[in-house]
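[1] quick one, what's the 3D model for this:
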Amino acid sequence: MSRHALAHSLTTLAIVAMAVPIWAKSTTHRDLTTTIDLDSTAKVGSKTLSAGEYKVIAEGSQARFERDGKTVAEVPCTWKTLPNKAVNSEFLMDRDHLTEIQVGGKTQAVEFSNIQTNSNRKMS
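    Prediction:
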């Protein structure tokens, strides 16, 4: 193999090697962005949210709730793998506690607690 061909092969290999971590990150990084509309006051973690529309951004182990472009709550969250892609975007409530958010077309959901009783689904 000529020096030129070897240099070209090594350059191509270096570019591919640098791109692999980017691909890996996109498959392991967990994030979710959606909008929910609360009919009444709800608790999420230690925070209380008044009725209204919120943009929810979950990244890693934190979820941020924004209203009118301002962050009104940040709470810890965990991730759950759904058996199938969610058909619709929806959130689950247990009494007045927000417990889970699913986004249509995604197999990952975000959870805010392990409360499992008396769950009600709300479409967003």
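[2] so what pairs up with Gln108 in the strands?
    Counting by DSSP bridges, Gln108 is bridged to Thr81.
[3] wait, it sits on Pro83?
    No. Assessed by Cβ atoms under 8 Å, Gln108 is found out of contact with Pro83, at 11.9 Å. C-beta: built from backbone N, CA, C; applies to glycine.
[4] for these two, indicate the residue with more neighbours.
    Ranked by neighbour count (other Cβ atoms under 10 Å), Gln108 and Pro83 place Gln108 first, with 16 against 5.
[5] what's the neighbour count on Lys47?
    14.
[6] repeat for Lys85
    12.
[7] quick one: residues contacting it.
    Contacts of Lys85 were listed using Cβ atoms under 8 Å, 6 or more residues apart in numbering, and they are Gly104, Gly105, Lys106, Thr107.
[8] which of those has the most neighbours?
    Of the contacts of Lys85, with other Cβ under 10 Å as the count, Lys106 tops at 15 neighbours.
[9] returning to what we had before: TSV please, covering the contacts of Lys85 and showing distance to Ala63, pLDDT and secondary structure.
    Formatted as TSV, the contacts of Lys85 follow (distance: Cβ to Cβ, whole Å; pLDDT from 0 to 100; DSSP: H, G, I helix; E, B strand; the rest coil):
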residue	distance to Ala63	pLDDT	secondary structure
Gly104	18	94	coil
Gly105	19	94	coil
Lys106	15	94	coil
Thr107	18	94	coil
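[10] from the residues you listed, pick the one nearest Gln62.
    Within the contacts of Lys85, proximity to Gln62 (Cβ to Cβ) peaks at Lys106, which comes in at 18.0 Å.
[11] does the closest residue to that closest one other than its chain neighbours count as helix, strand or coil?
    Closest residue to Lys106 apart from its sequence neighbours, by Cβ to Cβ, 6 or more residues apart in numbering: Ala86 at 5.8 Å. Under the three-state scheme (DSSP: H, G, I helix; E, B strand; the rest coil), Ala86 adopts coil.
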